[in-house]
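*Asks:* build the 3D model from these lines:
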Amino acid sequence: MKKAALFFLTLVLLIPVGSSQETEKIFPRSEKPATKIFLGEKIKFEISYLGIVVGEAVSEVKELVKVNGREAYHIEINIRSRAIIDWIYKVRDTHHTYIDAEHFHSLRYEKKIKEGRYWTDESMEYDQDGHVGRFYSRKDNSRKEMLIPKHVQDQISCCYWLRLQEVKPDSKTLISVNADEKNWDLEVVTHGVKEMKIDPVGVFQAVEVEPIILFEGFFVKRGKVRGWMSMDERRIPLVMKVKVPVLGDVTAKLVGYEPGASS
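*Replies:* Next up, the predicted model:
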């Protein structure tokens, strides 16, 4: 399994799993999104290719911590390939983001990647007041400093930030993202709204979302991503597809959800 758009990973969030009596539950459309990140939110989704589940990812809002004197949400994402492809290309990736609890920009990003024979272990500290990013690699002990834009996001935090915005159909949103030790402008384009039934969850009004990704993510390098996000208060990403050159579509669908704290 190749890398994928990390944006796409954290966009795919919050599909609740209910009883059979909830399969026709209607999730009402809301003009206003939620205004916070929910502690304890835990999401699991499956990744499939050619109709075969080849991996899974779990994202969890674990706790509130202090990062350089700022209160921050600590979010962890774990990505694992299934046994069916481990012998070909074993994936064991862990990502951490620390999101400022007031401004919802990134304060720190860490990743430990093990994919096939490749591995890396690195972090990025974001001095949002000084507009400086400080990169450190535990693999070779290299360090690097770079200028960062105001309120820059990392590859995970940008998705949580988007969910808190008043995203509307047929609009564009620009997000400053730091990834691959560079600064990027991530453009998220929304299209029309359609009704979408997600078994066994319910029925949603879903807007089509197209993030134009220039940096590396989970499954592809600079791949084309297409997805659908609900228009209820939580702005729940429902299904995402990544078009991989030569191979075709890789699909992610949420299969488990714990809502976390409601207050």
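
*Asks:* contacting residues around T190?
*Replies:* T190 makes contact with V167, K168, P169, D170, S171, K172, T173, V207, E208, V209, E210 under the criterion C-beta atoms under 8 Å, 6 or more residues apart in numbering. (Glycine included, C-beta is placed from N, CA and C.)

*Asks:* which secondary structure element contains it?
*Replies:* strand 182-198 (DSSP states H and E).

*Asks:* would you indicate which residues of that strand are buried?
*Replies:* N183, W184, L186, V188, T190, V193, M196, I198 (16 or more other C-beta atoms under 10 Å).

*Asks:* what's the closest of those to I99?
*Replies:* I99 lies nearest to L186 out of these, by C-beta to C-beta, at 16.0 Å.

*Asks:* ok, that closest one to W87 distance?
*Replies:* 35 Å (C-beta to C-beta, to the nearest Å).

*Asks:* cool, W161 as well?
*Replies:* Distance, W161 to W87, using C-beta to C-beta: 38 Å.

*Asks:* which positions within stretch 130-142 qualify as buried?
*Replies:* Result for stretch 130-142 [16+ other C-beta under 10 Å]: buried residues G133, R134, F135.

*Asks:* close enough to count as contact, the first one and V177?
*Replies:* The reference is to G133. No. Applying C-beta atoms under 8 Å, one finds G133 not in contact with V177, separated by 11.5 Å.

*Asks:* hey, what's in contact with both of these two?
*Replies:* With C-beta under 8 Å, 6+ apart, G133 and V177 have common neighbours V152.

*Asks:* quick one: contacts for the residue lying closest to G133 once chain neighbours are set aside?
*Replies:* In space, and not counting its chain neighbours, G133 is closest to I148: 4.4 Å by C-beta to C-beta, 6 or more residues apart in numbering. Neighbouring residues of I148 by C-beta under 8 Å, 6+ apart: Y126, D127, Q128, H131, V132, G133, S176, N178, N183.

*Asks:* if we take those residues, which one ends up nearest to M231?
*Replies:* S176 (25.1 Å).

*Asks:* give me the element that closest one is part of.
*Replies:* Assigned by DSSP H and E, S176 falls within strand 172-179.

*Asks:* cool, G130 as well?
*Replies:* Judged by DSSP H and E, G130 forms part of no helix or strand.

*Asks:* how deep is G202 tucked in, by neighbour count?
*Replies:* Residues near G202, counting by other C-beta atoms under 10 Å, number 19.

*Asks:* tell me the bridge partners for it.
*Replies:* Taking DSSP bridges as the rule, G202 bridges to I198.

*Asks:* P237 too?
*Replies:* Under the criterion used (DSSP bridges), P237 bridges to M229.

*Asks:* show me where the stretch 101-250 of the chain has its helices.
*Replies:* Ranges of helices in the stretch 101-250 of the chain, per DSSP state H, counting those that start in this stretch, are 157-163.

*Asks:* quick one: low-confidence ranges for it?
*Replies:* The model of the stretch 101-250 of the chain has pLDDT under 70 over residues 214-223, 245-247.

*Asks:* let's go with 50 and repeat that
*Replies:* The stretch 101-250 of the chain contains residues with pLDDT under 50 at 218-221.

*Asks:* I'd say K144 and V132 touch.
*Replies:* No. The pair K144 / V132 is not scored as a contact, 10.8 Å apart, by C-beta under 8 Å.

*Asks:* the residue lying closest to K111 once chain neighbours are set aside: neighbour count?
*Replies:* Distances taken as C-beta to C-beta, 6+ apart put H95 closest to K111, at 4.8 Å, once the chain neighbours are dropped. The tally of other residues near H95 (other C-beta under 10 Å) stands at 23.

*Asks:* and the helix or strand where H95 lies, which residues are buried?
*Replies:* Using DSSP H and E, H95 maps to strand 92-100. Buried residues in strand 92-100, counting neighbours by 16+ other C-beta under 10 Å, are found at D93, H95, H96, T97, Y98, I99, D100.

*Asks:* again, but for stretch 62-79
*Replies:* Buried-residue list, stretch 62-79, by 16+ other C-beta under 10 Å: V67, R70, A72, Y73, H74, I75, E76, I77, I79.
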